[in-house]
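Student: got a predicted structure here, sequence first:
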Amino acid sequence: MHCKPDCNDKLRDMGFSISEISEILPHFDNHTYLERALRTKMAEVRTSIEAEQGKLNLLMKMSDTVRKEKQIMVYEVELKKLPSIKVLTLRGTIPSYSDESLLWEKLGRHIGEKQIPALGSGYSTYFD
């Protein structure tokens, strides 16, 4: 099989670089060499497709999360000096920010069961 005038274009359309094409053309009649080059390029394209599919999956997941939460949280940061105090903490994972009350309820039950005196108000730290 001889390289026809348009085979450069076809190889380029298949994703071969100019340097790869220059390596292939002298061996174009060698079916074993050409088949190996084509299979190598197929493996590269498959790997690229898998990587792009992974990116697409991440994008879709983030888009779903944004759509579900429907809230853009805007924070104002204020630095304060506070006196030292004893703190009772609870850390947990919740399905979404709007489910924060689940953790407050759990903490409240624990405080009640252990009869821990609670002074002042509480606050939460949200790790996203």
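Tutor: Cool, got the structure.

Student: switch to C-alpha atoms for all contacts and neighbour counts from now on
Tutor: OK.

Student: from residue 50, how far off is the residue nearest to the spatial centre of the chain?
Tutor: The C-alpha lying nearest the average C-alpha coordinate of the chain belongs to residue 58 (CA atoms, centre = their mean; 4.4 Å). Look at residue 58 and residue 50: by CA to CA, to the nearest Å, they are 12 Å apart.

Student: so where does the residue nearest to the centre of the chain fall, helix or strand?
Tutor: Taking DSSP states H and E as the definition, residue 58 sits inside helix 31-69.

Student: so how far is that helix from its chain's centroid?
Tutor: Chain-centre distance of helix 31-69: 14 Å, with CA atoms, centre = their mean, to the nearest Å.

Student: same question, stretch 23-35
Tutor: 40 Å.

Student: number of nearby residues for residue 34?
Tutor: For residue 34, the neighbour count with other CA atoms under 10 Å is 15.

Student: report the contact partners of it.
Tutor: 24, 27, 28 (CA atoms under 8 Å, 6 or more residues apart in numbering).
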